[in-house]
Each structure stands twice: as C-alpha cells, then as structure tokens.
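Participant: kindly return the folded structure for what I paste below:
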Amino acid sequence: MERELTVLLRRARAASGELARAVHPELEPAAYGLLVRLSEVEPERATELAAYFGVGKATMSRQLRALEELGLVAREQDPTDGRAYLMRMTEEGRERFSRVRTARRQRYLDQLAAWEPEEALELARLLHRFNELG
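Facilitator: Now for the predicted structure:
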C-alpha cells in the first residue's frame, strides 16, 4: 500500500505542475489545488482556505496574492464583516481553470476506458473514504 500511495502522490505532484502551467505559465503547482477548492466553495475567506489546506495565514496570503497578480482570483469585501475579504475566481480564472479541468477529466476517462464502470465508481468511493480519514 505504501508503494502504491507513493507512486500515486508522485504522479499527482507532477500532474499538478503540468495543470498549473496549463492554467497560466507562471502559476505555481500548489496553487492549482487552491483553484480547485475555490471552484467548489467560492467565495471563501483566506483564513478558511488556510485552515482547509493546513497552512499558515502568511503562506495563504502569499499564494492568493500571486493568483491575484495573475488575474485568476479577486478579493471582495465580506458583507458580513467589513474587516474581512472573500476570495473568488475571476471570469478569466474560471475559464482557464474550467478548460484545464475538462481536459484532465477526459484524460481520466481515457485512462479508465478499459475498466468496468463499477470498478471506476468503486475506486472513487474508496479514495473518498480514504481522504475522509483526514
């Protein structure tokens, strides 16, 4: 199990770098995951994003600032707390991310084409269960 997880994680890290560059040539690999999260929950406070990824506020602020400079995310004032900001993807960021994510999903479908649909669903179910362990 350890060997298979190591291979999976190495491949995932390499893929994140490729995906990040496909979204924007200057995008850091770790920032792709941030775009994934924002696509699921936007708008979101930086502090909540930092907690989700288990990183400090300074690290999250640096990553978000880089995404802002690339025009992929924008901050807006939180209507419930004037001192806080919410982060969301810009239209350009959403379009770039969506294009790359669609291509990635198609690649998964192509890779799993020889599997029975039930096998692919079982893999997804087990990965979800494993990820919930925290």
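Participant: ok, longest strand in the protein?
Facilitator: As assigned by DSSP state E, the longest strand anywhere in the chain is strand 81-89.
Participant: give me the buried positions along the next helix or strand along the chain from that strand.
Facilitator: The element immediately downstream of strand 81-89 (helix or strand, assigned by DSSP states H and E) is helix 91-111. Using 16 or more other Cβ atoms under 10 Å as the test for burial, helix 91-111 gives Gly93, Arg94, Arg96, Phe97, Val100, Arg101. For glycine as for every other residue, the C-beta is placed from the backbone atoms N, C-alpha and C.
Participant: what is the mean pLDDT for the next helix or strand after helix 91-111?
Facilitator: Following helix 91-111 in sequence order, the next helix or strand is helix 117-131 (DSSP H and E). Here helix 117-131 scores 93 as its mean pLDDT.
Participant: picking up where we left off before, only alpha carbons, please: show the longest strand of the chain as CSV.
Facilitator: Provided in CSV are the C-alpha atoms of strand 81-89 (Å, rounded to 0.1, in the frame of the first residue of the first chain):
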residue,chain,number,x,y,z
ASP,A,81,-17.6,41.6,8.3
GLY,A,82,-16.2,44.8,6.7
ARG,A,83,-12.7,43.9,8.0
ALA,A,84,-12.5,40.6,6.1
TYR,A,85,-12.3,39.7,2.5
LEU,A,86,-13.7,36.9,0.4
MET,A,87,-11.8,35.4,-2.4
ARG,A,88,-13.3,34.2,-5.7
MET,A,89,-12.1,33.3,-9.2
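Participant: let me see the mean pLDDT of that strand.
Facilitator: Computed over strand 81-89, the mean pLDDT rounds to 91.
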